[in-house]
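Student: The sequence isn't on hand, but the structure is:
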């Protein structure tokens, strides 16, 4: 009988916010993990974070995620068969100078490169799970879209040609949709021996694994939440939903453990506005009451807008998603501890 200790999960982008929780949950379950990062500095940080799991963790350098051949050492370094790959490495930044060079091509080429690498070097791999995004699902041209429920059948409608010169938000949505579509097309065309599943979260909040991150160098989603502190006003709604990083990580692992997850896209997230966040934080974190804008208390709950179909992912997890109040409170509480 093959046990979790006899299997290795390869996790790309091992130093990222979501990957940190994926690795933590996988190691705690007994899996071995082969992680990839872009630099030795990042590798050392991951090793330090998971110091007590040294015998279960291997870190390899993949300096350019668009080059499949650079993954060879990651597959070769494991002492047990790599049976699954979780691909989290993809650009997530709004500081883009060139949509094609900085966003579209890295997302699309990086997503197909890992599949090419699995096909060439991952003979034992049976499942690939990729972190996609609700940005690749939502049709932002429809606005709030009251009463509409987004499902796994929806795709952001933006084309590559449109995205080349588009504003950053639709360009990012296009990059996620086009990258994910390229993965599904590769799997179908190449008749590979492994399955593909995608997880599509909106804003991802929650505490960072290993302790609070430096406030001067927050990841994009955490930074959006932290900007509420000492802000003069509450920002308007954007993606209207958020997911807890611990749920997102658990969904990735469940997708490699449950056979019926193969070939599926999972939307994951609860309804969310920044007004909700300040309302929650002002109630649950007394030290922030005077540092948060009031806005219009309760307006977020009364806002009519689209929702996400979370029935599939709750079925995958076997439980309800973490309440937004818990996510917001845990995130900001940890950030207040940061130096």
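Tutor: Here it is on my side, so go on. The model shown is predicted, which means the values in this text are computed figures rather than measured ones.
Student: Tell me how many other residues crowd residue 55.
Tutor: Counted with other Cβ atoms under 10 Å, the burial measure for residue 55 works out to 8 neighbours. Every C-beta, even on glycine, is put in place using the N, C-alpha and C of the backbone.
Student: On the three-state scheme, it is what?
Tutor: Three states are possible here, and by DSSP: H, G, I helix; E, B strand; the rest coil the one that applies to residue 55 is helix.
Student: Quick check: the gap between it and residue 32.
Tutor: To residue 32, residue 55 is 8 Å away according to Cβ to Cβ, to the nearest Å.
Student: What of residue 126?
Tutor: 15 Å.
Student: And residue 319, by the same measure?
Tutor: 26 Å.
Student: between the two, which one's more packed in?
Tutor: Set side by side, residue 319 and residue 32 give different neighbour counts by other Cβ under 10 Å, the larger being at residue 32 (23 against 10).
Student: what's the neighbour count on the nearest residue to that one once chain neighbours are set aside?
Tutor: Nearest residue to residue 32 in three dimensions, chain neighbours excluded: residue 8, at 4.2 Å (Cβ to Cβ, 6 or more residues apart in numbering). As a burial measure, residue 8 scores 27 neighbours (other Cβ under 10 Å).
Student: repeat for the one 5 residues further on
Tutor: Residues within reach of residue 13, counting by other Cβ under 10 Å, total 25.
Student: does it really touch residue 74, like I thought?
Tutor: No: under the contact definition of Cβ atoms under 8 Å, residue 13 does not touch residue 74, with a separation of 11.9 Å.
Student: what's the overlap in contacts for the two?
Tutor: When contacts are counted by Cβ atoms under 8 Å, 6 or more residues apart in numbering, the set common to residue 13 and residue 74 consists of residue 36.
Student: quick one: average pLDDT of the lengthiest helix in the chain?
Tutor: Selection of the longest helix in the chain by residue count, based on DSSP state H, yields helix 168-190. What helix 168-190 shows for mean pLDDT is 94.
Student: What residues sit buried inside it?
Tutor: Buried positions in helix 168-190, judged by neighbour count with 16 or more other Cβ atoms under 10 Å: 170-183, 186-187.
Student: Can you tell me which of these is nearest residue 241?
Tutor: Of all these, the one sitting nearest residue 241 is residue 173; the distance, using Cβ to Cβ, is 13.8 Å.
Student: Identify the residues contacting the closest one.
Tutor: Residue 173 makes contact with 133, 135, 136, 138, 140, 156, 158, according to Cβ under 8 Å, 6+ apart.
Student: mind listing what the last one touches?
Tutor: By Cβ under 8 Å, 6+ apart, residue 158 lies in contact with 166, 170, 171, 173, 174, 177.
Student: now what about stretch 21-28, what contacts it?
Tutor: By Cβ under 8 Å, 6+ apart, the surrounding residues in contact with stretch 21-28 are 9, 11, 14, 33, 35, 46, 50, 53, 56-57, 86, 88, 206, 209, 245-246, 248-250, 252-253.
Student: Start and end of stretch 256-264, how far apart?
Tutor: Distance across stretch 256-264, first residue to last, is 12 Å (Cα to Cα, to the nearest Å).
Student: residues of that stretch that come out buried?
Tutor: 256, 258, 261, 262, 264.
Student: Run the chain-centre distance for it.
Tutor: For stretch 256-264, the distance from its own C-alpha centre to the chain's C-alpha centre is 18 Å (Cα atoms, centre = their mean, to the nearest Å).
Student: What's the mean pLDDT across it?
Tutor: When pLDDT is averaged along stretch 256-264, the result is 97.
Student: Contacts for it next, please.
Tutor: Under the criterion Cβ under 8 Å, 6+ apart, external residues in contact with stretch 256-264 comprise 9, 83-84, 86, 127, 129, 152, 195-198, 254-255, 312, 316.
Student: residues in contact with residue 238?
Tutor: When contacts are counted by Cβ under 8 Å, 6+ apart, residue 238 is found next to residue 169.
Student: hmm, 10 Å instead?
Tutor: 140, 169, 202, 203, 224, 272, 273, 274 (Cβ atoms under 10 Å, 6 or more residues apart in numbering).
Student: picking up where we left off before, please narrow the contacts of stretch 21-28 to those residing in helices.
Tutor: When DSSP H is applied, the contacts of stretch 21-28 are split such that 46, 245, 246, 248, 249, 250, 252, 253 fall in helices.
Student: Show me the two of those that sit farthest apart.
Tutor: 46 and 250 (19.7 Å).
Student: Run through who's touching stretch 161-171.
Tutor: Counting by Cβ under 10 Å, 6+ apart, the neighbours of stretch 161-171 from elsewhere in the structure are 93-96, 98-100, 102-104, 135, 138-141, 156-159, 172-175, 177-178, 238-239.
Student: mind running it again at 8 Å?
Tutor: Taking Cβ under 8 Å, 6+ apart as the criterion, the residues outside stretch 161-171 that touch it are 94, 96, 99-100, 103-104, 135, 140, 156, 158, 174-175, 178, 238.
Student: next one: stretch 137-149
Tutor: Taking Cβ under 8 Å, 6+ apart as the rule, stretch 137-149 contacts 150, 152, 154-157, 169-170, 173, 177, 200, 237, 239-240, 267, 303-309.
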